[in-house]
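>>> A structural model of the following input is requested.
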Amino acid sequence: SDKVRMVNQNPDRILDAPDLRCDFYLNVLDWGPKNVIAIALGDTVYLWDAGTGSIHELYHCTEAGDYVSSLSWAADGTHLSIGTATNQLQLWDADRQSLVRVMRNDYGRIAATAWNGGMLSAGSKSGAITNHDVRVRDSTTQVLRGGHSQEVCGLRWS
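Model prediction:
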């Protein structure tokens with residue numbers, strides 16, 4: 001009844017994160033359902049498997065001035081969305097380390113993304129939220145504007 005819970009005061013692992021972009025509005029780290037952390041360091045997305053300790057480089061921005069501005073795992077733990085400063089919304093198969101598709105966003109950098117099954121929502125610097133059905137060719141299903149006067153820096157489906 002009066003058991004005291006012991007909390008370890010020493011870290012199990014410390015992850016070094018050089019070049020982590022210091023910007024409150026961005027979402028550049030996400031821990032997936034398969035125990036893999038996706039993190040953007042500088043212009044590169046890395047995947048760290050917490051079970052094995054292995055690290056893989058998934059993506060590197062090649063366009064001048066571009067950087068990763070958001071990351072979000074789908075519930076399957078295989079697909080990862082990557083939003084960029086140059087308005088690209090990319091869908092990656094992390095298991096195969098391959099790009100599945102690129103969706104364009106005309107509303108500024110993508111600072112936040114959220115999954116709801118096959119739907120992927122992207123919040124932009126302009127304040128717009130774009131809903132994409134990633135299962136169909138013309139993915140944009142809805143654009144919500146006017147609800148935000150500033151950048152959308154967080155999204156979650158309920």
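
>>> Which secondary structure elements does whichever helix or strand residue 45 is part of sit against?
Residue 45 is part of strand 44-49 when elements are defined by DSSP states H and E. Applying 3 or more CB pairs under 8 Å, 6 or more residues apart in numbering; DSSP states H and E, we find strand 44-49 packed against strand 36-41, strand 55-60, strand 68-73. C-betas here are computed from N, CA, C, even on glycine.

>>> Identify the residues contacting the following helix or strand past the last one?
Which is strand 68-73. Sequence order places strand 79-84 as the next helix or strand after strand 68-73, per DSSP H and E. Identification of contacts with strand 79-84 by CB atoms under 8 Å, 6 or more residues apart in numbering yields 30, 32, 38, 40, 45, 58-59, 61, 66-74, 88-94, 100, 105, 109-113, 115, 120, 122, 134.

>>> still on that earlier bit, now the helices and strands packed on strand 44-49 as CSV including distance to residue 7, mean pLDDT and mean neighbour count?
Formatted as CSV, these follow (distance: least, CB to CB, whole Å; pLDDT from 0 to 100; neighbours: other CB atoms under 10 Å):
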stretch, distance to residue 7, mean pLDDT, mean neighbour count
strand 36-41, 22, 98, 21
strand 55-60, 28, 97, 14
strand 68-73, 27, 98, 25
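
>>> Confirm for me that residue 57 is in contact with residue 42.
No. When contacts are counted by CB atoms under 8 Å, residue 57 is not listed as touching residue 42 (11.2 Å).

>>> if we can go back for a sec, residues contacting the strand holding residue 45, please?
Strand 44-49 has contacts (CB under 8 Å, 6+ apart) with 15, 35-40, 54-61, 68, 71, 80, 82, 94.

>>> swap the cut-off to 7 Å and go again
The contact list for strand 44-49 (CB atoms under 7 Å, 6 or more residues apart in numbering) reads 15, 35-39, 55-60, 68, 71, 82, 94.

>>> farthest pair in the residues you listed?
35 and 60 (23.7 Å; CB to CB).

>>> Does residue 141 belong to a helix, a strand or coil?
The three-state assignment at residue 141 reads strand, by DSSP: H, G, I helix; E, B strand; the rest coil.

>>> which residues does it contact?
Residue 141 touches 131-133, counting by CB under 7 Å, 6+ apart.

>>> can you tell me the helix or strand for residue 6?
Going by DSSP H and E, residue 6 is not part of any helix or strand.

>>> tally of neighbours for it?
Look at residue 6: counted by other CB atoms under 10 Å, it has 6 neighbours.
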